[in-house]
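[1] mind looking at a prediction? Sequence and model below.
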Amino acid sequence: MIKICLAGATGWAGSELARAIAKTDDLALAAAVSRKNAGRTLGDVLGDPLPDCPIYASAADVLAAPCDVFVEYTKPDSARANILTALERDAHVVVGTSGLTERDFDEIDRVARARRRGVLACGNFALTVVLLQKFAEVAAKLIPQWEIIDYAHDDKVDAPSGTARELAARLSKVRPPEMTVPLERTVGPIEARGATLSGSQVHSIRLPGYVISAEIIFGMPDQKLSIRHDSGGSARPYVDGALLAIRKVSTLVGVHRGLDAVLEI
Ligand SMILES: NC(=O)c1ccc[n+]([C@@H]2O[C@H](COP(=O)([O-])OP(=O)(O)OC[C@H]3O[C@@H](n4cnc5c(N)ncnc54)[C@H](OP(=O)(O)O)[C@@H]3O)[C@@H](O)[C@H]2O)c1
């Protein structure tokens, strides 16, 4: 049995994962984090026949009791501290929360390696996103110019999305993208060219009507290739990938980005 602490268990993504964990035979939800529901049980809050899982107000409280895997599914402003607390208590960590920076991941990696613990961070647990990342890496080997567009609902607070950040970081390991007109020679507001993340230009759109989409466009003279992923309205696509990450994270040491760290493709 893998004992899990789930931070963000009452949220849109975390509650779907909590329900799925409760249906498995090999994973046990030992405790959860939610500030508003501290002191209650998860079954009580979600209205489901979930096991009697206590809810605490903070990661520090929940980690007073040992667990095997800490799952971080809260918000960017709390994620870094939660992950470091979990590592200090010798838990492996699965990160679903988006918005962590490269610098955050460098620091987390140092702590995880020192404690011989695994951290598996997936900007997006959906299988179709894993494939988008793989296909984009193949394209980047052959096509030197690309830009990334990330679309999300208007109330998503972090930008660019975790998916876009992860994609840019992965492509930086293939090659730095080329640019015909360097940014500093832009005529007009330089922000119009987007943010530079790990060398890639990333453009974030936040509007009502969108759920979560990521698109990468590769351009060559007289031809272009777009690879795009669109999520539906439910958190279901993220569940299977998160369960796989929980089951496999203990085989890793240090920070690994993307589900393909534990998936044969
Ligand atoms: N990797 C993926 O595949 C994937 C998929 C979907 C979403 N996400 C990301 O996952 C994160 C959560 O998304 P969501 O849509 O589920 O958000 P949400 O519905 O707002 O839920 C957030 C959850 O975190 C808790 N929380 C928030 N701030 C906290 C804090 N400071 N300390 C402790 N708990 C806190 C909330 O409970 P309280 O307010 O009661 O504390 C709630 O349970 C976001 O970063 C999102 O972009 C990733």
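    Arrived safely. Model, not experiment: these values are computed from the prediction.
[2] what does the stretch 151-265 of the chain put close to the ligand?
    By the rule C-beta under 6 Å from any ligand atom, the part of the stretch 151-265 of the chain lying against the ligand is 162, 235, 238. Using the backbone N, CA and C atoms, a C-beta is placed for each residue, glycine as well.
[3] which ones among those residues lie within helices?
    Of these, the ones assigned to helices by DSSP state H are residue 162.
[4] now the residues of the stretch 151-265 of the chain next to the ligand in JSON lines, with neighbour count and pLDDT?
    Below are these laid out as JSON lines (neighbours: other C-beta atoms under 10 Å; pLDDT from 0 to 100):
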{"residue": "162", "neighbour count": "24", "pLDDT": "88"}
{"residue": "235", "neighbour count": "21", "pLDDT": "92"}
{"residue": "238", "neighbour count": "25", "pLDDT": "94"}
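[5] which one among the residues of the stretch 151-265 of the chain next to the ligand gets closest to residue 81?
    residue 162 (17.4 Å; C-beta to C-beta).
[6] and that closest one, how close does it get to residue 93?
    Distance from residue 162 to residue 93, counting by C-beta to C-beta, to the nearest Å: 15 Å.
[7] what about residue 79, which helix or strand?
    For residue 79, the element it lies in under DSSP states H and E is helix 76-88.
[8] next, count neighbours for residue 106.
    Applying other C-beta atoms under 10 Å, we find 10 other residues in the vicinity of residue 106.
[9] what about stretch 53-71, start to end distance?
    Stretch 53-71 has its terminal residues 15 Å apart, counting by C-alpha to C-alpha, to the nearest Å.
[10] tell me which residues in that stretch are buried?
    53, 55-56, 58-59, 62-63, 67-71 (16 or more other C-beta atoms under 10 Å).
[11] can I get those residues in a markdown table with secondary structure, pLDDT and distance to residue 190?
    What follows is those, written out as a markdown table (DSSP: H, G, I helix; E, B strand; the rest coil; pLDDT from 0 to 100; distance: C-beta to C-beta, whole Å):
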| residue | secondary structure | pLDDT | distance to residue 190 |
| --- | --- | --- | --- |
| 53 | coil | 92 | 49 |
| 55 | strand | 96 | 46 |
| 56 | strand | 96 | 45 |
| 58 | coil | 95 | 40 |
| 59 | helix | 94 | 38 |
| 62 | helix | 90 | 44 |
| 63 | coil | 90 | 43 |
| 67 | coil | 94 | 46 |
| 68 | coil | 98 | 47 |
| 69 | strand | 98 | 42 |
| 70 | strand | 98 | 40 |
| 71 | strand | 98 | 38 |
